[in-house]
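Colleague: sharing a model that was predicted from the sequence below.
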Amino acid sequence: MKDLLNLIYIFISPRRVFERVKDKPDYLYPLITIITVQVISTLRSVSMMSAKLNIPVNKGLLIFISSFASIIGVLFELLFLWIVFVIAVLILGKREKYKNLFSVILYGYLPNSLILLIRAIVGLPGRGRGISVILSDKASPYLFALLSRVDIFYIWSIILIIFGISVLYGLKRREVLILILIFLIYFFITPLLFKSQYNEASTIKNQSEPSRRGMFPPFLRRRKP
């Protein structure tokens with residue numbers, strides 16, 4: 001029951017959660033929550049997209065593929081983030097509690113799930129464009145990729161993760177600053193690692209209206225009798 005309450009305490013008393021995780025890592029509840037919210041957001045997106053574009057598609061197959069892809073995507077993101085911070089704590093000379101660190105990552109990620117759930121409820125599924133909305137259409141794909149990831153919930157999430165790591169390893173102020181620096185390097189490099197994906201996202205941003213025929217691949221469209 002205490003582990004389940006951590007899903008609430010992470011938003012109002014994060015130190016309490018991370019002190020528990022320090023002694024006993026917990027993966028089940030935060031991971032189930034993250035995946036469930038991801039699927040809800042995806043289902044909402046697919047439903048709204050199909051209704052808005054009014055294109056005959058194989059909705060069942062589209063939901064399955066979209067949900068599967070979103071789950072794999074968020075798991076990859078969590079794993080990649082964990083690897084980044086494992087490297088960071090290794091640089092700081094910490095060589096233990098990696099399982100506990102993954103639990104910190106999961107709980108720290110929950111603000112991202114919160115905004116996904118809120119947006120799905122109000123009919124705006126997905127993460128949105130972050131502060132990239134301030135950019136002009138001529139902005140570089142790299143800058144768009146960078147700023148599209150940033151909103152108050154993303155910042156909240158990163159603060160939680162860094163705070164959780166400092167609690168887990170008892171980091172000093174200098175070590176926390178080094179940890180922040182390592183994260184910033186990761187933050188600025190990531191768009192370069194996935195440049196093709198963000199180029200496509202930037203192209204979509206600049207389009208006034210999406211192409212209806214190109215929205216769904218052919219095998220998802222229903223054939224006319």
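Modeller: Alright, I've got the coordinates. Residues are numbered from 1 along each chain as shown.

Colleague: got the residue ranges for the helices in the protein?
Modeller: When assigned using DSSP state H, the helices of the chain occupy the ranges 2-12, 14-23, 28-53, 59-91, 98-122, 141-148, 152-169, 173-193, 195-206, 212-215.

Colleague: can you put the ones you listed in TSV and add mean pLDDT and distance to Leu135?
Modeller: Bear in mind the C-beta positions are built from the backbone N, C-alpha and C, glycine included. Listed next are the helices of the chain as TSV, based on pLDDT from 0 to 100; distance: least, Cβ to Cβ, whole Å:
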stretch	mean pLDDT	distance to Leu135
helix 2-12	90	30
helix 14-23	94	32
helix 28-53	86	23
helix 59-91	89	23
helix 98-122	93	20
helix 141-148	78	6
helix 152-169	94	17
helix 173-193	90	14
helix 195-206	50	9
helix 212-215	44	24
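
Colleague: closest to Ile131 out of those helices?
Modeller: Comparison of the helices of the chain against Ile131 by Cβ to Cβ identifies helix 141-148 as nearest, at 4.9 Å.

Colleague: export that closest one as PDB, just CAs?
Modeller: Taking Å, rounded to 0.1, in the frame of the first residue of the first chain, the C-alpha atoms of helix 141-148 are listed here in PDB:
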ATOM      1  CA  PRO A 141      14.900  22.000 -36.900                       C
ATOM      2  CA  TYR A 142      17.500  21.700 -34.100                       C
ATOM      3  CA  LEU A 143      16.100  24.600 -32.100                       C
ATOM      4  CA  PHE A 144      12.600  23.400 -32.700                       C
ATOM      5  CA  ALA A 145      13.500  19.900 -31.500                       C
ATOM      6  CA  LEU A 146      15.200  21.400 -28.400                       C
ATOM      7  CA  LEU A 147      12.400  23.700 -27.300                       C
ATOM      8  CA  SER A 148       9.600  21.400 -28.200                       C
END
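
Colleague: any idea how far Ala145 is from the closest residue to Tyr169 other than its chain neighbours?
Modeller: Closest residue to Tyr169 in three dimensions, ignoring its sequence neighbours and counting by Cβ to Cβ, 6 or more residues apart in numbering: Lys94, at 5.0 Å. Counting by Cβ to Cβ, to the nearest Å, the separation of Lys94 from Ala145 is 31 Å.

Colleague: number of residues surrounding Ile180?
Modeller: Around Ile180 sit 14 other residues, with neighbours defined as other Cβ atoms under 10 Å.

Colleague: quick check, it in contact with Ile162.
Modeller: Yes. Using Cβ atoms under 8 Å, Ile180 makes contact with Ile162 at a distance of 6.3 Å.

Colleague: for stretch 37-44, buried residues please.
Modeller: Val37, Gln38, Val39, Ile40, Ser41, Thr42, Leu43, Arg44 (16 or more other Cβ atoms under 10 Å).

Colleague: ugh, wrong one, stretch 130-144
Modeller: Those would be Gly130, Ser132, Leu135, Ala139, Pro141, Phe144, for stretch 130-144 by 16+ other Cβ under 10 Å.

Colleague: let me know the closest of those to Val150.
Modeller: Comparing the buried residues of stretch 130-144 against Val150 with Cβ to Cβ picks out Gly130 as the nearest, at 4.7 Å.

Colleague: my guess is Asn112 meets Tyr154, correct?
Modeller: Yes. In this structure, Asn112 sits in contact with Tyr154. The criterion is Cβ under 8 Å, and the distance is 6.7 Å.

Colleague: compare those two (neighbour count), which wins?
Modeller: Counting neighbours by other Cβ under 10 Å for Asn112 and for Tyr154 shows that Asn112 has the greater number, 21 against 18.
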